[in-house]
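Asks: 3D model of this:
(chains A and B)
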Amino acid sequence: MDLEKLLTDRLAPAFEKVAGLPVDPVVRRSQRADFQSDAALALARRLGRPPRSIAAEVLDRAELGDLCAVAEVSGPGFLNLTVADRALGGLVAALATDPRLGVPVAAEPETVVVDYSGPNVAKEMHVGHLRSTVIGDAAARLLEWLGHRVVRANHLGDWGTPFGMLIEHLADLGEAEAAQELSMGDLDAFYKAARAKFDADEAFRERSRQRVVALQGGDEATLRLWRLLVEQSERYFLAVYELLDVTLTARDFQGESSYNDLLAPVVADLDRAGLLRESDGAACVFPPGFAGRDGEPLPLIVRKSDGGYGYPATDLAAIRHRTGSVGATRLLYVVGLPQRRHFELVYAAAAQAGWLVPPARAEHVGFGSILGSDGRMLRSRSGESVKLVALLEEAVARATWLARERNPDLGEAEAAEVGRAVGIGAIKYADLSSDRHKDYVLDWERMLALDGNTAPYLQYAYSRIRSIFRRAGTAARPDAAISLVEPAERALAIELLGFSGVVAEVARSLDFHQLAAYLYRLAAAFSAFYERCPVLRAGGELRESRLLLCDLTARVLRQGLYLLGIRTPERL
RNA sequence: GCGCCCGUAGCUCAGCGGAUAGAGCAGGGGACUUCUAAUCCCAAGGCCGCAGGUUCGAAUCCUGCCGGGCGCACCA
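Replies: Predicted structure coming up:
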């Protein structure tokens, strides 16, 4: 049970009695006590009474006897609450017997579509895909764990005009040769070669254009080549996902092309609904409230003047499919912040068309860019975007080297495994531990540091606990009585009880840095505990109590890191 | 021109209506006969971009500036 919520539930009725209307007690952690409630201050004006007197009356009417050792009015009208050790111990003991660590399954499970990663066929995945993939995967893991039905939608860029030149290039190379090149994972070289020919060779350009027509016309031979391209790319992406340790599978690819047959009907429906207007030959929806550069209403172009369909049409078709056929009520789009306006337009149009109506809603889970140490968008020395695999491989190599250096006892295989867990974990944690709306600077030294708010620090805390149990040779007794004698173990207990609250908040906000910050606080509380509270050398009941605290900490760390997509090796 | 995101300690970041603004790193000082010192503890470090306003109370809300980034009709 979440302590903060428990205190809130106890204070709320008292506040309501005093104020005569429902009041949020605004319980939060405090430096002067375990928790504090600030609501009396805000109430003073409305009730025309001194805040201290309100606070005192609330205290008088609240049932806190079994929970709090100290509950007092402080300063201008704060309520300072110190939880009784006995109550704390009881709550922790209850947590220990809960396989879900205090986190309830969603009362009303929904179907959630998480649209993330979305690489482009025949193009290398670069750092730009990293954040979408990592954040989206965390969202999918979290919501799934909470009991929602999660549909992972990997909106593959598998359609559009570039495929003319890509297929022509493939045909030029010969299928066997092309398959060979693509399977080596050198998608960049393939794409660039096609691009170079397209830019330089007029005849090739013309053939490419005809290919696009053939592709869209459903020419079987062309489609076969296209499928080859898609299959090889998907195979490559799956290899990257495995290295990145994300939960996306082959079943989750939902290419743009899969909406092809829906585009015309979508536009027809928009027309029927009277939402369509022609502008410069293009079929547009003009959702109210959007203005462009010139102050004119901003269009969402659902059919281009050449008759072709672009992104907006596909996105609308996807929404209609997801709310209609899939039955989703929450649509998450884990896409960079620059595309914000695009999605606002799409959501507005979908709402007008009746495809996105409550309880269904769409959220743009936007994020900033990854910057290099120079504070600019991360680029390779040659000025190109950095290959994602290169980044991941470097992370693993650095972490493996660190693991070998730090712990020579590790065998080759284990060092490699630890290197992967730590390296990939470090990359993901660096991404998830700061506010996703901001750009962040990729810095190897910092993300792989063993102290500070990093994945290795958390993994280290976990491995220290596992080490204790290896030495103990036994598991913790889940029914052990909890006794909290040292301040450090009290502090640890309070942190443990905060897990469910944080998880609930993050499920709503998808601000994973709050979960990261919580896990860091927990790990830091554990490290302080570890320093001052001997476990194995403690006697009898104290030992059992501490073993249980250790076990709980390990479980929360493991589960929390799992939700972020980060592994927890048994030792580092 | 309009819109969005962002300016907090030397650096990287939390905090987004409440009590003296918090972490980590770097720099200073301590702690290994004791469960991994890949750790812990202590001290130091801030006109919270600037100026107004709202409020009993503003880093937090509003307005206007300044600075950085990104968008703004047929590219996905």
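Asks: Which residues of the stretch 1-150 of chain A lie near RNA strand B?
Replies: Contact residues, the stretch 1-150 of chain A versus RNA strand B (Cβ under 7 Å from any atom of the strand): A:30-33, A:36, A:38, A:41-42, A:44-45, A:74-76, A:78, A:80, A:120. Placement of C-beta: from N, CA and C, glycine included.
Asks: Which of the residues you listed fall within strands?
Replies: Counting by DSSP state E, these place A:36, A:74, A:78, A:80 in strands.
Asks: burial count for the second one?
Replies: Right, A:S74. Neighbourhood size, A:S74 [other Cβ atoms under 10 Å]: 14.
Asks: now the ones in strands among the residues of the stretch 1-150 of chain A next to RNA strand B: which count as buried?
Replies: For these, a burial check counting by 16 or more other Cβ atoms under 10 Å picks out A:36, A:78, A:80.
Asks: residues from the stretch 451-572 of chain A in reach of RNA strand B?
Replies: A:451-453, A:456-457, A:460, A:463-464, A:466-468, A:471, A:511, A:513-514, A:517, A:520, A:524, A:527-528, A:530-537, A:571-572.
Asks: So which of these are in helices?
Replies: The helices, defined by DSSP state H, take in A:456-457, A:460, A:463-464, A:466-468, A:471, A:513-514, A:517, A:520, A:524, A:527-528, A:530-532 from these.
Asks: any chance of the ones in strands among the residues of the stretch 1-150 of chain A next to RNA strand B in a markdown table, with pLDDT too?
Replies: Converted to a markdown table, those look like this (pLDDT from 0 to 100):
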| residue | pLDDT |
| --- | --- |
| A:Q36 | 93 |
| A:S74 | 89 |
| A:F78 | 92 |
| A:N80 | 93 |
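Asks: where along chain A do the strands fall?
Replies: Ranges of strands in chain A, per DSSP E, are A:27-29, A:35-37, A:68-74, A:78-83, A:111-115, A:149-153, A:276-279, A:282-285, A:300-303, A:330-333, A:361-364, A:370-371, A:440-441.
Asks: can you list the ones you listed in JSON lines and add distance to A:T400?
Replies: Shown next, in JSON lines, are these (distance: least, Cβ to Cβ, whole Å):
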{"stretch": "strand A:27-29", "distance to A:T400": "38"}
{"stretch": "strand A:35-37", "distance to A:T400": "43"}
{"stretch": "strand A:68-74", "distance to A:T400": "49"}
{"stretch": "strand A:78-83", "distance to A:T400": "44"}
{"stretch": "strand A:111-115", "distance to A:T400": "31"}
{"stretch": "strand A:149-153", "distance to A:T400": "29"}
{"stretch": "strand A:276-279", "distance to A:T400": "57"}
{"stretch": "strand A:282-285", "distance to A:T400": "52"}
{"stretch": "strand A:300-303", "distance to A:T400": "48"}
{"stretch": "strand A:330-333", "distance to A:T400": "34"}
{"stretch": "strand A:361-364", "distance to A:T400": "37"}
{"stretch": "strand A:370-371", "distance to A:T400": "22"}
{"stretch": "strand A:440-441", "distance to A:T400": "23"}
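Asks: Check the stretch 101-250 of chain A for the residue nearest RNA strand B and tell me.
Replies: A:G160 (3.8 Å; Cβ to the nearest atom of the strand).
Asks: follow-up on the earlier one: which members of the ones in strands among the residues of the stretch 1-150 of chain A next to RNA strand B are the farthest-apart pair?
Replies: A:Q36 and A:S74 (7.8 Å; Cβ to Cβ).
Asks: quick one: common contacting residues for these two?
Replies: Taking Cβ atoms under 8 Å, 6 or more residues apart in numbering as the contact rule, A:Q36 and A:S74 both touch A:N80.
Asks: and the closest residue to RNA strand B within the stretch 451-572 of chain A, what does it touch?
Replies: Nearest to RNA strand B, among the residues of the stretch 451-572 of chain A, is A:G452, at 2.0 Å (Cβ to the nearest atom of the strand). Shown in contact with A:G452 (Cβ under 8 Å, 6+ apart): A:R446.
Asks: Now do the same for it: its pLDDT.
Replies: What the model reports for A:G452 is a pLDDT of 88.
Asks: Domain-wise, how is chain A divided?
Replies: A:3-83, A:111-156+A:256-364, A:162-248 (automatic domain parsing).
Asks: could you dump these to JSON lines with distance to A:G372?
Replies: Shown next, in JSON lines, are the domains of chain A (distance: least, Cβ to Cβ, whole Å):
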{"stretch": "domain A:3-83", "distance to A:G372": "36"}
{"stretch": "domain A:111-156+A:256-364", "distance to A:G372": "10"}
{"stretch": "domain A:162-248", "distance to A:G372": "19"}
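Asks: Out of these, which gets nearest to A:T553?
Replies: Using Cβ to Cβ, these put domain A:3-83 closest to A:T553, at 15.9 Å.
Asks: Next, the distance between the ends of that closest one.
Replies: Length of domain A:3-83, first residue to last, Cα to Cα, to the nearest Å: 9 Å.
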